[in-house]
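Asks: show me the folded form of this:
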Amino acid sequence: MTTILIVEDEPKLASLVADYMKASGFDTHCIGDGLEVVPWVRAHLPDLVLLDLMLPGRDGLDICRELRAANDERIRDVPIVM
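Replies: I've put the predicted structure just below:
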């Protein structure tokens, strides 16, 4: 099953997006804190990251830069929608 990581600090919006994704057959996981994103991606390798720009802990641009600079090609190549 395709896994989508939803990175959004507004719980209602994250839940709404997750509901639509699940209704379309995707597996989802939501994270609301920017500091948790990179470790989660490294551990789970989602098929897509929906990434908010303004997050507590760390902003979306920094997260995107770190993922794109990763040594592991699988992490570096994960699609990101901001």
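Asks: now the helices for the chain?
Replies: When assigned using DSSP state H, the helices of the chain occupy the ranges 11-23, 37-44, 60-68, 73-76.
Asks: what packs against the longest one?
Replies: It refers to helix 11-23. Where contact means 3 or more Cβ pairs under 8 Å, 6 or more residues apart in numbering; DSSP states H and E, helix 11-23 is packed against strand 3-7, strand 27-31. To be clear about C-beta, it is placed using only N, CA and C from the backbone, and glycine gets the same treatment.
Asks: just those: most buried one?
Replies: Stretch with highest mean neighbour count among those: strand 3-7 (a mean of 21; mean count of other Cβ atoms under 10 Å).
Asks: residue 67 contacts residue 80, correct?
Replies: Yes - at 6.8 Å, residue 67 counts as touching residue 80 under the criterion of Cβ atoms under 8 Å.
Asks: circling back to that earlier point, just send the helices of the chain back as TSV, with mean neighbour count too.
Replies: Shown next, in TSV, are the helices of the chain (neighbours: other Cβ atoms under 10 Å):
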stretch	mean neighbour count
helix 11-23	13
helix 37-44	15
helix 60-68	16
helix 73-76	11
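Asks: got JSON lines for the ones you listed, with mean pLDDT and distance to residue 54 too?
Replies: Below are those laid out as JSON lines (pLDDT from 0 to 100; distance: least, Cβ to Cβ, whole Å):
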{"stretch": "helix 11-23", "mean pLDDT": "98", "distance to residue 54": "12"}
{"stretch": "helix 37-44", "mean pLDDT": "98", "distance to residue 54": "13"}
{"stretch": "helix 60-68", "mean pLDDT": "98", "distance to residue 54": "7"}
{"stretch": "helix 73-76", "mean pLDDT": "96", "distance to residue 54": "23"}
